[in-house]
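Curious how this folds, go ahead:
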Amino acid sequence: MKKIIILGSTGSIGTQAVDVIEAHPQLFTLAAVAAHSNWELAARQIQAHGAAFACMTDEPAAEKLRQEVGERCTVFSGPEGLLKLIDECEADMVLTSLVGAAGIEPTLHAIEKGLDIALANKETLVAAGELVMAEAARRGVRILPVDSEHGAIFQCLEGRSGSEVDKLLITASGGPHFHRPLEEFPSITVEQCLKHPTWNMGGKITIDSATMFNKGLEVIEAHWLFDMPYDRIEVVVQPQSIIHSMIQFTDGSVLAQLGMPDMRLPIQYAFTYPQRYPVRGAKAIDWKTLGSLEFFAPDPEKFPSLPLAYEAGKAGGTMPCVLNGANEVAVYAFLRREISFTRIFDVVRTVMERHTVCRDVSLDAIRSADAWARRCAASLL
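Model (predicted):
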């Protein structure tokens, strides 16, 4: 019986992870939940699964949750409450699916406690990859990717030497605007961005998909997860989201992981690795009706997010953290309808241009770089 903490339990990944736990009560128990402000859903999760610990980073929401669940569950509050929860809760694995840089410190804290990580928060490795991977290696902690792309690469790489790999091919849906003419980009609306063609995700990551910043972040994440140079990581647009990623080997052969677009598959495999079990309600590919699979190169003029991410990754140090922090500020400004779609790219580019890279990748240096990037981005808005 694997005891699992879900950080971000009320979001898209978190709720699907709860579905996985519900489907396999003989394998998993929900030890603790954490979220920002959706205390009503957190309360239902606690009541349904008997979780003994919870945290709401929003203080008023934490108080409402305490009133709802009473003494059956210890409820912490604030960002520091996430660390207390990890300290107090007896668990085997932490699913980190918090949004943005908020996932960095809890993930590091869980690693320091020796807990395996099911990683759905790509920003953790973008902003603090060197620190996180070094600490995981030191503690003997497994980091199992939950992103469908990295989960696919992880599966294709099993038992194979990195020296056999020519390149990693990260697939992208292209989002809702891939075929839209460039001249229409300044008028793209929030509503148009939130209509993703193949995935059902939260607001921030859906906007990241529309800008393709999500792929840029995934390139940096793949660099750290798989110890792969940036010039051997390539993004390929695969609009049907059936091929989740591929590996091209030095002999020219390619391995791909395919499946219907359903996040419960990579979530469950991270929970059960190396065993596989049926995924309740998941559909298998019907090869007789699948039809064609398409492939395209991303357009750097439409989506400068990708060259910016490669630039940040190759610069190293604190630059990826700055890229991530500036993007978060710009995305939320767009969601509030304060800036245009294309202004997101401009803000990130300008913040990066103003940043002097620091080679110190300690937690304090990362905190400082993140805070600076957010202030700089806010000043531009």
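
Can you show me the helices along the stretch 151-300 of the chain?
190-193, 203-211, 213-226, 264-272 (DSSP state H, counting those that start in this stretch).

Pick the most buried one from the ones you listed.
When neighbours are counted by mean count of other Cβ atoms under 10 Å, the highest per-stretch mean among these falls to helix 213-226, a mean of 25. Backbone N, C-alpha and C define where each C-beta goes, glycine included.

CA atoms of it as CSV?
These are the backbone C-alpha positions of helix 213-226, laid out as CSV (Å, rounded to 0.1, in the frame of the first residue of the first chain):
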residue,chain,number,x,y,z
PHE,A,213,6.0,28.3,-23.6
ASN,A,214,5.0,24.9,-22.1
LYS,A,215,7.2,23.2,-24.7
GLY,A,216,10.1,25.6,-23.9
LEU,A,217,9.8,24.7,-20.2
GLU,A,218,9.6,21.0,-21.1
VAL,A,219,12.8,21.3,-23.1
ILE,A,220,14.6,22.6,-20.0
GLU,A,221,12.9,20.0,-17.8
ALA,A,222,14.0,17.2,-20.2
HIS,A,223,17.6,18.5,-20.1
TRP,A,224,17.7,18.0,-16.3
LEU,A,225,15.6,14.8,-16.1
PHE,A,226,17.5,12.9,-18.8
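
That helix packs against which elements?
Other helices and strands packing on helix 213-226, by 3 or more Cβ pairs under 8 Å, 6 or more residues apart in numbering; DSSP states H and E, are helix 122-139, strand 143-145, helix 148-157, strand 165-172, helix 203-211, strand 233-237, helix 305-315, helix 319-335.

Buried residues, the longest one. List them.
Of the residues in helix 122-139, those with enough neighbours to count as buried (16 or more other Cβ atoms under 10 Å) are 122-129, 131-133, 135-136.

same question, the fourth one
Of the residues in strand 165-172, those buried by neighbour count under the rule 16+ other Cβ under 10 Å are 165, 167-172.

As CSV, those residues with distance to I242 and pLDDT would be great.
Compiled in CSV, the buried residues of strand 165-172 are given as follows (distance: Cβ to Cβ, whole Å; pLDDT from 0 to 100):
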residue, distance to I242, pLDDT
V165, 22, 96
K167, 20, 97
L168, 18, 97
L169, 14, 98
I170, 15, 98
T171, 9, 97
A172, 13, 95
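
what's the closest of those to A284?
T171 (19.0 Å; Cβ to Cβ).

The closest one bridge partners, please.
Using DSSP bridges, the bridge partners assigned to T171 are V236.
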